[in-house]
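Asks: 3D, please:
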Amino acid sequence: MINLFLAFATLAVPAFSQTSETLAARAGRFELALDPAVQAFASEDAFAGVGECGVLDIKTLRPFSLDEASALIAPCLAAVARKLPAKLEIQIGRISATPPGEPAKTGLILKTDLSAGGKAHRDLMAGLSRRENRLLGHAVRVLTRGEAAPASVSSVQAALAQCILPTVVRDLKTGDDFVKIYGRCLTRNADLKITEIRAGPGLTVNLKTNHSNNASVDALNGFVTVNAGKGPVSVMIVAYSAQIALP
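Replies: Alright, predicted model coming up:
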């Protein structure tokens, strides 16, 4: 009689109660089965959990220069490269094309061997996105495998061929070195109309020109290649019109 009562009680349990428990169990098994597949597509912060990358989130009263930022970020990128794994290289350069007449936009170029859309690439972009696509205050542009940074040859390149230099080739490591070697020659060039030339961060040189035509100003933006003590060196020229003060 008791066995009959227990059997009846079991059958009397509401169908929805049994169904919810069954569905929960099935859902749990489904999640366990699906989790690896979901994780394969979910983006994670590539910098998270990397001790060397703690520097990325520090706050300072004085902003870092591009040179300082690049040097501080390098150990972090080396560690992230091992984590992904990937090839990561930081450079200072022109991060985007600029409208005619406006100075070139400089920042940090992150060269990689990653394929766009791959898991490692998505993780890297997620990490940058969480930092508003800036590292230590500077805008970052990621270049995937085979992608080239925005670059052009500055019209200053042709003028450099007319500069008479000492027979001894000087080492050139900074924008200041470039200004000391070529500055006087370039400011004397009537075609360039350069009124002021000043070293920028790293191998960058800022100059001001009296050109009134926007296209002529923009033509000065770009890179020049000069011979130095250890071979060719690329220097980025950033041009400003006469109305804009040099940084």
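
Asks: care to break the chain down by domain?
Replies: 51-143, 156-241 (automatic domain parsing).

Asks: Counting neighbours, which bits of the lengthiest strand in the chain end up buried?
Replies: As assigned by DSSP state E, the longest strand anywhere in the chain is strand 231-241. Neighbour counts using 16 or more other CB atoms under 10 Å place 233, 235-241 of strand 231-241 among the buried residues. Where you see a C-beta, it was placed from the backbone N, CA and C, and this is true even at glycine.

Asks: And the strands in the chain, which stretches?
Replies: Using DSSP E, strands in the chain cover 88-96, 105-112, 134-135, 138-143, 194-199, 204-209, 222-228, 231-241.

Asks: Would you reformat those as TSV and include mean pLDDT and distance to Thr174?
Replies: Listed next are these as TSV, based on pLDDT from 0 to 100; distance: least, CB to CB, whole Å:
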stretch	mean pLDDT	distance to Thr174
strand 88-96	83	11
strand 105-112	87	15
strand 134-135	94	22
strand 138-143	92	18
strand 194-199	95	7
strand 204-209	93	9
strand 222-228	84	11
strand 231-241	86	9
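
Asks: wait, Met236 sits on Gly93?
Replies: Yes - checked against CB atoms under 8 Å, the pair Met236 and Gly93 is within contact range at 6.5 Å.

Asks: Need the overlap of contacts for those two.
Replies: By CB atoms under 8 Å, 6 or more residues apart in numbering, Met236 and Gly93 have these common neighbours: Thr106.

Asks: Among the domains of the chain, which comes closest to Ala42?
Replies: For the domains of the chain, the distance to Ala42 is smallest for domain 51-143, at 8.6 Å, taking CB to CB.

Asks: What's the end-to-end length of that closest one?
Replies: Distance between the boundary residues of domain 51-143 (CA to CA, to the nearest Å) amounts to 24 Å.

Asks: re the thing from before, need the domains of the chain in a markdown table (columns: distance to Asp45).
Replies: Output for the domains of the chain, formatted as a markdown table (distance: least, CB to CB, whole Å):
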| stretch | distance to Asp45 |
| --- | --- |
| domain 51-143 | 4 |
| domain 156-241 | 28 |
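
Asks: what's the closest of those domains to Pro247?
Replies: So among the domains of the chain, domain 156-241 is nearest, using CB to CB, at 6.2 Å.

Asks: so how far is that closest one from its chain's centroid?
Replies: Once both centres are worked out by CA atoms, centre = their mean, to the nearest Å, domain 156-241 turns out to sit 25 Å from its chain's centre.

Asks: which residues does Val153 bridge with?
Replies: Per DSSP bridges, the residues bridged to Val153 are Phe223.

Asks: so who does it touch?
Replies: 222-224.
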